[in-house]
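Chemist: Predicted structure and sequence below. I'll ask about it afterward.
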Amino acid sequence: MRKMRAIRTSVFLLAIVFAITSLAHATVFSQLHGIVHDPQHRPLPGAHIAVRAAHSALTFTVDTDADGAFTLPSIPLGDYVVTVTHAGFATLQQAVTLAGDSALTLHLQLQIASISQSVTVEGVPISADPSSVTPTTLISRIDIAQTPGADRTNSLAMVTDYVPGAYITHDMLHMRGGHQLSWLIDGVEVPGTNIASNIGPQIDPKDIDTLQVDRGSYSADLGDRTYGIFDVLPRTGFERSRDAELVLSAGSFDQTNAQLSLGDHTEKFAWYASLNGNRSNYGLQPAIAQPIHDAENGYGGFASLIYNHDPANQLRYITQLRTDYYQIPYDPNSSDWENQLYNSSGLRDGQHETDSYGTFTWLHTFSPQTTAQLSPFYHFNRSNYQPSPSDDPTSTTANQTGLYSGLQASASTVIARNTLSAGLYGYAQHEDDLFAVAFNDQSDANFSVNPIVLAGVEEAFIDDNYKPTSWLTLTGGERQSHLSGAFTEDAIYPRIGIALQIPKLNWVFRAFYGHFYQPPPLTSITGPALAFAQNNQDSYVPLHGERDEEHQFGVQIPFRGWLLDADTFETRARNFLDHNNIGESSIFIPITVQGALIQAWELTLRSPHLWRIGQAHLSYSNQIAQQIGPITGGLVCAGASQLPTDPCYVAPGYSALDHDQRNTLNLGFNGNLPYGIFASFNIYYGSGFSNGDQDPPSPYSGPYLPSHTTADLALGRDFGERFTLSVSALNVANTRVLLDNSLTFGGFHFNDPRQLYAELRYRFKF
């Protein structure tokens, strides 16, 4: 019956989505509007507008109408140069930065041409959309290539170095105090609910053209992952003309990272494909300062196809397949104080991960004001934790396989001063989870369970972006979510915002208030596994969705091409999604906690993209992430909890989450030197994560673990058009501290050791 309901749900969703394909819009695209006028502010009809990507051959063209206005309704996010030409006037160039799901308006003034027909170039880009209420960080492929360590296959430095409040602890990316983060590939959300079991990132950084990171305050069309959304515009082939690139690296811990990528384009068609492989004797954060049993390896492929059938229709297909293996590190000295709290000396475990997705998009332009998108997608994800048969006291296996298939369709049209959008998103999920325990200490009978769970998510939204004047933007929308499976849940939540631009100063003040619903993981424990939990004063309660309330205030201050962005926010969560280990094992499963409160203020500072000697960046977060109440879903304590002596007792009031870090700072610079030399650095400071073991034998008695500072450096040079050689040093001073003492993937976690490696890039024609 569940399977039939899931099939009927998918068919019904498919019919609805096809019925509204005339209303579609992809968040990876933005709209560009403009008015061209002469020095006397008279409109210039017939001016030719060419918008060219800063780092590729992707170009859009349009002519101004009788009122001197133009509109380009669907431009991918990134950096562009707008060129305006008109007979009798000097050519004008304006650099702009476009964020996804935004609408930017330019006022372009042409000067009367001189005899020499000189070209006027404005080198200061517009760094942000003054109509957006969402704090956004854009990272280009140039940033990724130059930032130390950012272009390695399993690296997330492109996020942690540029985005405030983002860091890696217990081998997982955390942001704004939470775990649930969405990845959008080419504007299509790739669903995934197994946050407690996967380590590998969603995409190889070398395959990214532009990454847009949105931090809360989303309009209704941007989903429900409260803490962060990563919108990836991958390489397309428009930046290449039968060009190939081979990337090879080698360094400490016998690490190597290789990729071969090829791409080409014609007037209507572009393609890009890559193959990659990596291995190292250092993978996960080690249980002690010296990595032991910590090798990793992986390989994968990526492909992007774009076909512009005509000016009104574009077809896009993105696909990836990747597999990774990680050894689980351990502490070999059974007398260490760490092993007195959690003995990992007997572990010899490993984890295999496989991930594959495909998204197909049809983008249709009805008019300069209305676009349409339809995107079917699939996602396959498997995490297979394999223990050593001799693990003591238990050998625990967890093999989770999730298969998702669904559709995304949405809409955007401009009516008067309103930019309206509406659409649907939904998927059916098939979850197959194997869980087995062998009791090597003979304390219980071995068991194995393999529950299969079916579920579906259906969401609909409507959103309006209203500009009563050029300096004021009002946003309002509503998103409806429906989860069907072992139980059903519904949520209909509003989101409202305001952005106010101060004339002449161009400062933008923004405010937002909204609610979010995040569908839960489908993890289930049944049969002998449930009986074992109940015998140990535990029980299992199905996980319900997290419900969040967020308000945020912020300001953007541009000054001569620099952009300072500051914000403060508060997120209140019910059924806060977290994770916990299963007994004395390094396997951990998702749980929900009664509530959480995250409060912070953030700051980012970026120099101009066209600054001659390079670009500086700074990100800072002052944050407190707290939880309150008992565990409400997953493995819960089944006993009474009124007395402090009871094992199930939960102290009243708020306490720090295990990944809470009060202060996080990144300061970096990507510099360009003479003779084709480039140099980059990033300095990271963390004030220390919350301390979960304050009693002896732990040497740390305070509420937080030690602060830590690391520095990363990179130096390289271009040798002609074909070769680039660089050397990188990560954590140059080899500063080692205990990051956290949560029992996940091998026990405690120290920060990354010093790593030195060299990288060679070779470009050639094929």
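Modeler: All right, it came through fine. Bear in mind that the values here come from a model prediction, so they are computed numbers and not experimental data.
Chemist: Please count neighbours and contacts with C-alpha atoms only from this point.
Modeler: OK.
Chemist: Residue 261 reaches residue 274, doesn't it?
Modeler: Yes - at 4.1 Å, residue 261 counts as touching residue 274 under the criterion of Cα atoms under 8 Å.
Chemist: Helices of the stretch 401-550 of the chain, residue ranges please.
Modeler: Listed in chain order, the helices of the stretch 401-550 of the chain (DSSP state H, counting those that start in this stretch) span residues 527-535.
Chemist: just for the stretch 501-650 of the chain, where's the confidence low?
Modeler: 534, 536-537, 581-588, 609-611, 639-642, 645, 647 (pLDDT under 70).
Chemist: show me where it has strands.
Modeler: Taking DSSP state E, counting those that start in this stretch as the criterion, the stretch 501-650 of the chain contains strands spanning 508-518, 538-541, 546-559, 562-581, 588-606, 614-637.
Chemist: Tell me which strands the longest one pairs with, and in which orientation.
Modeler: Applying DSSP bridges to the sheet, strand 614-637 is found paired with strand 538-541 (antiparallel), strand 588-606 (antiparallel), strand 654-656 (antiparallel), strand 663-672 (antiparallel).
Chemist: Any idea which of these gets closest to residue 62?
Modeler: With distances scored as Cα to Cα, the stretch of the strands paired with strand 614-637 nearest to residue 62 is strand 588-606 (31.0 Å).
Chemist: ok so, going back, may I see the strands paired with strand 614-637 arranged in TSV, with mean neighbour count as well?
Modeler: Supplementary listing: those in TSV, determined by neighbours: other Cα atoms under 10 Å:
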stretch	mean neighbour count
strand 538-541	19
strand 588-606	21
strand 654-656	17
strand 663-672	22
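Chemist: Which one, of those, ends up nearest to residue 68?
Modeler: Of all the strands paired with strand 614-637, strand 588-606 sits nearest to residue 68, with 32.9 Å by Cα to Cα.
Chemist: roughly how far apart are residue 72 and residue 307?
Modeler: Per Cα to Cα, to the nearest Å, residue 72 is found 18 Å from residue 307.
Chemist: Which of the helices or strands spans the residue nearest the centre of the chain?
Modeler: In the chain, the C-alpha closest to the average C-alpha coordinate belongs to residue 230, at a distance of 3.1 Å (Cα atoms, centre = their mean). Residue 230 is located in strand 229-234, with elements delineated by DSSP states H and E.
Chemist: hey, which of the strands of the stretch 501-650 of the chain is tucked in deepest?
Modeler: strand 508-518 (a mean of 24; mean count of other Cα atoms under 10 Å).
Chemist: Quickly run through the sheet partners of that strand, with directions.
Modeler: Neighbouring strands of strand 508-518 in its sheet, by DSSP bridges, are strand 488-501 (antiparallel), strand 546-559 (antiparallel).
Chemist: want to throw the ones you listed into JSON lines with distance to residue 65?
Modeler: Conversion of the strands paired with strand 508-518 to JSON lines gives the following (distance: least, Cα to Cα, whole Å):
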{"stretch": "strand 488-501", "distance to residue 65": "27"}
{"stretch": "strand 546-559", "distance to residue 65": "31"}
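Chemist: what comes up buried for stretch 388-404?
Modeler: By 16 or more other Cα atoms under 10 Å, the buried positions in stretch 388-404 come out as 389, 391-404.
Chemist: Now for residue 254: which residues touch it?
Modeler: Taking Cα atoms under 8 Å, 6 or more residues apart in numbering as the criterion, residue 254 is in contact with 279-281.
Chemist: circling back: please tabulate the strands paired with strand 614-637 in a markdown table, including the columns distance to residue 345.
Modeler: Shown next, in a markdown table, are the strands paired with strand 614-637 (distance: least, Cα to Cα, whole Å):
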| stretch | distance to residue 345 |
| --- | --- |
| strand 538-541 | 27 |
| strand 588-606 | 18 |
| strand 654-656 | 29 |
| strand 663-672 | 32 |
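Chemist: Of all the ones you listed, which one comes closest to residue 103?
Modeler: strand 588-606 (21.4 Å).
Chemist: tilt between the closest one and strand 562-581?
Modeler: Here strand 588-606 runs at 170 degrees with respect to strand 562-581, directions being taken by axes from the mean of the first three to the mean of the last three Cα atoms, to 10 degrees.
Chemist: and residue 422, how many neighbours?
Modeler: Residues within reach of residue 422, counting by other Cα atoms under 10 Å, total 23.
Chemist: How about the one 4 residues further on?
Modeler: Neighbour count of residue 426, defined by other Cα under 10 Å: 26.
Chemist: you'd agree it is up against residue 461?
Modeler: No - no contact is recorded between residue 426 and residue 461 when judged using Cα under 8 Å, the distance being 11.6 Å.
Chemist: And the helices in the stretch 1-150 of the chain?
Modeler: Counting by DSSP H, counting those that start in this stretch, the segments of the stretch 1-150 of the chain that form helices are 2-19, 141-146.
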